[in-house]
Each structure stands twice: as structure tokens, then as C-alpha cells.
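Pasted the sequence and its predicted model underneath.
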Amino acid sequence: MTSDDSFNCDGHVCLCLYPISGTDKSKALQGQVWLSDIGDFAEFNAVWDAWVTPGAPPVRACTEAKLAAPFFTVEVMITAAA
């Protein structure tokens, strides 16, 4: 897995499963993002903008939600073409 297949936000890393599924972030079609605190939107948005393929970001929705455990701050689901 390459470094650009993961998010790194304030020391928290979320690995993506692109290598396992045989695709990569340049083929991302859609992203769904859940933040435990919508106040973190600007910080997450900066990380997202740095991560997406320049000129071809996937469509994205972002909302605040209670996540599975209190230590989770963000959940991201990406749909990508094969």
C-alpha cells in the first residue's frame, strides 16, 4: 500500500482498501463521510483536498453522525470503479 492510499489527519490514519480490490483513488467515483463533530469539517476538508486526484475528485457528501465508538472521529466510504 502506498502512502497516498491513506488519510493522515492529526496522527489518525485511515487505510483504504484499494490495493485489495484492484483499483486506486484515481478511479474513485463517490465518497461518503461521517464526522463525529461537524466542527472538524474544515480540517477534514483540507486532508480530503490534499488526498484526492487533482482535477478529478469524486463527488462527496459529508455529515455529522454518532459513530460506533467514542474514539472514532471520522468514517469514510469510497465507491470506485474497477
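Alright, I've got the coordinates. Residues are numbered from 1 along each chain as shown.

Show me the strands in this protein, by range?
6-9, 12-15, 28-35, 59-64, 74-80 (DSSP state E).

Save the ones you listed as a markdown table, and put in distance to residue 47 too.
Placement of C-beta: from N, CA and C, glycine included. Formatted as a markdown table, the strands of the chain follow (distance: least, C-beta to C-beta, whole Å):
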| stretch | distance to residue 47 |
| --- | --- |
| strand 6-9 | 5 |
| strand 12-15 | 10 |
| strand 28-35 | 10 |
| strand 59-64 | 12 |
| strand 74-80 | 9 |
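
So for residue 51, which of those strands sits nearest?
With C-beta to C-beta as the criterion, residue 51 lies closest to strand 6-9 of those, at 5.9 Å.

Quick check: mean pLDDT of the closest one?
For strand 6-9, mean pLDDT is 55.

picking up where we left off before, closest to residue 45 out of the strands of the chain?
Distance to residue 45, taken as C-beta to C-beta, is lowest for strand 59-64 among the strands of the chain, at 7.9 Å.

Give the buried residues for the closest one.
residue 62 (16 or more other C-beta atoms under 10 Å).

Can you list the helices and strands that that strand packs against?
For strand 59-64, the packing partners by 3 or more C-beta pairs under 8 Å, 6 or more residues apart in numbering; DSSP states H and E come out as strand 28-35, helix 41-51.

confidence score at the residue located most distally from the centre of the chain?
Distance from the centre of the chain peaks at residue 70, with 18.7 Å (C-alpha atoms, centre = their mean). pLDDT recorded at residue 70 is 87.

weakest of the helices and strands packed on strand 59-64 in terms of mean pLDDT?
helix 41-51 (a mean of 89).

Ranking the helices and strands packed on strand 59-64 by mean neighbour count, which comes first?
strand 28-35 (a mean of 17; mean count of other C-beta atoms under 10 Å).

which other residues reach that strand?
Residues from elsewhere that reach strand 28-35, judged by C-beta atoms under 8 Å, 6 or more residues apart in numbering: 41, 44, 48, 52-53, 57-65, 67, 73-81.

Neighbouring strands of it in the sheet, and parallel or not?
Next to strand 28-35 in the sheet, as set by DSSP bridges, lie strand 59-64 (parallel), strand 74-80 (antiparallel).
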